[in-house]
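A.B. asks: Quick one: sequence plus predicted model below, questions after.
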Amino acid sequence: MTRNSFDYIVIGGGSGGYAAARTARETCEHVAIVDCAPTLGGLCILRGCMPSKTLIYSAEVLHLAQLADKFGLDIPESKVDMARLHKRKLDTIQEFAEYRQEQLESDRFTLFRNRAKFIDENTIELDDGTRLRADHFMIATGSVVSEPPVPGLADVPYWTSDDILDLDFLPEKIIVLGGGIVACELTQFLRRVGSEVIQIQRSPHILKETSPEAAEVIEQQLISEGVELYTGTALEAISHSDDGFTVDFTHDGASKQVSAPFLLNALGRRPATDGLGLEAAGIEIETSGHIRCNDLQTTSNPKVSACGDVAGPHEIVHVAIMQGELAARHATSRPASPVDYDSLLGVVFTDPQIGHVGLSERTLKERGIEYLSADYPFDDHGKSILMEAKRGYVKVMADKTTGVVLGAECVGKDGGELIHAMAVAVTMKATVHDLLKVHWYHPTLSEIWSYPLEDIADEL
Ligand SMILES: Cc1cc2nc3c(=O)[nH]c(=O)nc-3n(C[C@H](O)[C@H](O)[C@H](O)COP(=O)(O)OP(=O)(O)OC[C@H]3O[C@@H](n4cnc5c(N)ncnc54)[C@H](O)[C@@H]3O)c2cc1C
């Protein structure tokens, strides 16, 4: 007979939920996972990081092939084969998903393939009527695409990122609504495989969570690749007919209208809390819609934690995993430390990529921290020049007195890889002098970090 009382129950078996379940199982005998998805694996594997980066990498290879002439190569014809690209994505994702499914279905856990909701502070009810109790619950239900109140948006058959990641044909023309990370990554992907792309962003800059300088580099890159980009707009109306979609908006004080057969709503995601019965369990939510948690991920109900996209504040896989692990350790009476958001690492997988770690200049100024900063451009660096990867820069921020590295930013070829050198430095609280002892190999992209580090060391 299946038990209905557990030490620990996780609702949602994605990246955060699985990390919590695995961690709880280290000390608990009876751990259950409840997930209602038709296919197990979670957002990252099925419809997020992994499929998007698979497609984006193919588009980067194509882009390089199309620049063959610059490299002294003769590649007569390079173009996408959407059906084969789609097949490669499916095969790649299937491998990752199967691995996760095996983990979830292992006899270490009791898996319920159901939707769950709280009916009181200690009990959840599944959609088949089964009631389960636990000493502790973890909510890791992720996020869903949000639909901001733009007139007409709710009534038209727009695409989401799920549809773009599953394309097996090339949309000849598409309007992308939004300028966040997902919007920019998918805009560049679509443009590189050959779609005509119109991108409409409401804020004055795309990628508003990065620095304006970083966003500027990506804006210039997208425009140079032929994206029709509008920033600082107000969306007025969206409609759909047999001819496709029409978007009315204002830009630079003037009314504009654009049309295309396809429309991508990439205006953001919101925490997946609908129908979870949070009130019945005394679980509060923030004005952002995220579940309110303390720094050990405990909700306003001390027997319930939350992690990942549903908890925020950053919708990033490694944060979901860190939160899930620490919450499960805390719930099972083991030492746990809060996530250190002052050493947060973020990556935008455009090309050039953006990598940033630690405190931004904006935050340093807001907190009144005295710092020194130095930057260096990729168009004056040997390895990036020979790679024809001259757009972008690296920047380091260090404490004005101690030289401890507080933050760094890299906008450039493989910036998401390069930033990890500084992620180690920020996390370990290394000084610029420590980092100048590193053997920076020549000629590499990584050695570019030594220039701003030297500049700051000279100033200290
Ligand atoms: C296109 C795209 C690209 C991205 N790229 C990156 C990237 O490159 N790097 C990065 O760090 N992040 C990326 N992200 C974000 C990342 O995917 C998410 O932050 C992460 O996957 C969230 O994990 P999670 O565990 O919170 O939720 P999820 O992985 O979404 O898991 C939630 C699970 O809960 C289940 N569930 C929901 N409600 C219920 C319920 N009531 N009962 C039972 N089960 C339920 C769902 O079925 C699902 O399996 C991307 C996101 C998108 C959309």
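C.D. replies: Good, I have the coordinates.
A.B. asks: residues in the stretch 51-200 of the chain within reach of the ligand, list them.
C.D. replies: The stretch 51-200 of the chain comes close to the ligand at residues 52, 53, 115, 116, 140, 141, 142, 161, 182, as judged by Cβ under 6 Å from any ligand atom. Where C-beta positions appear, they are placed from N, C-alpha and C, glycine not excepted.
A.B. asks: which non-adjacent residue is nearest the third one?
C.D. replies: When you say that, I think you mean residue 115. Spatially, and ignoring its direct neighbours in sequence, residue 115 is nearest to residue 36 (3.8 Å; Cβ to Cβ, 6 or more residues apart in numbering).
A.B. asks: Also residue 194?
C.D. replies: residue 170 (5.6 Å).
A.B. asks: can you name the two of the residues of the stretch 51-200 of the chain next to the ligand that are farthest apart?
C.D. replies: 53 and 116 (30.4 Å; Cβ to Cβ).
A.B. asks: Between these two, which is the more surrounded one?
C.D. replies: Ranked by neighbour count (other Cβ atoms under 10 Å), residue 53 and residue 116 place residue 116 first, with 26 against 15.
A.B. asks: check contacts around that one.
C.D. replies: 11, 34, 36, 124, 125, 126, 127, 132, 276 (Cβ atoms under 8 Å, 6 or more residues apart in numbering).
A.B. asks: again with residue 161
C.D. replies: With Cβ under 8 Å, 6+ apart, residue 161 has these contacts: 47, 48, 52, 145, 182, 186, 264, 266.
A.B. asks: is it fair to say the fifth one lies in a strand?
C.D. replies: No: for residue 182, which was evaluated using DSSP: H, G, I helix; E, B strand; the rest coil, the result is helix, with no strand membership.
A.B. asks: number of nearby residues for it?
C.D. replies: 24.
A.B. asks: What does the pLDDT read for it?
C.D. replies: On the pLDDT scale, residue 182 is placed at 98.
A.B. asks: how close does it get to residue 297?
C.D. replies: Distance, residue 182 to residue 297, using Cβ to Cβ, to the nearest Å: 25 Å.
A.B. asks: ok, for the most centrally placed residue in the chain, nearest residue in space, not its chain neighbours?
C.D. replies: The C-alpha lying nearest the average C-alpha coordinate of the chain belongs to residue 316 (Cα atoms, centre = their mean; 4.6 Å). Spatially, and ignoring its direct neighbours in sequence, residue 316 is nearest to residue 346 (6.8 Å; Cβ to Cβ, 6+ apart).
A.B. asks: which residues does that neighbour bridge with?
C.D. replies: In this entry, residue 346 is beta-bridged to residue 356, by DSSP bridges.
A.B. asks: residues near it, how many?
C.D. replies: Counted with other Cβ under 10 Å, residues neighbouring residue 346 total 18.
A.B. asks: For it, give its distance to residue 155.
C.D. replies: For residue 346, the distance to residue 155 - Cβ to Cβ - is 34 Å.
A.B. asks: Which of the helices or strands spans residue 324?
C.D. replies: Assigned by DSSP states H and E, residue 324 belongs to helix 317-331.
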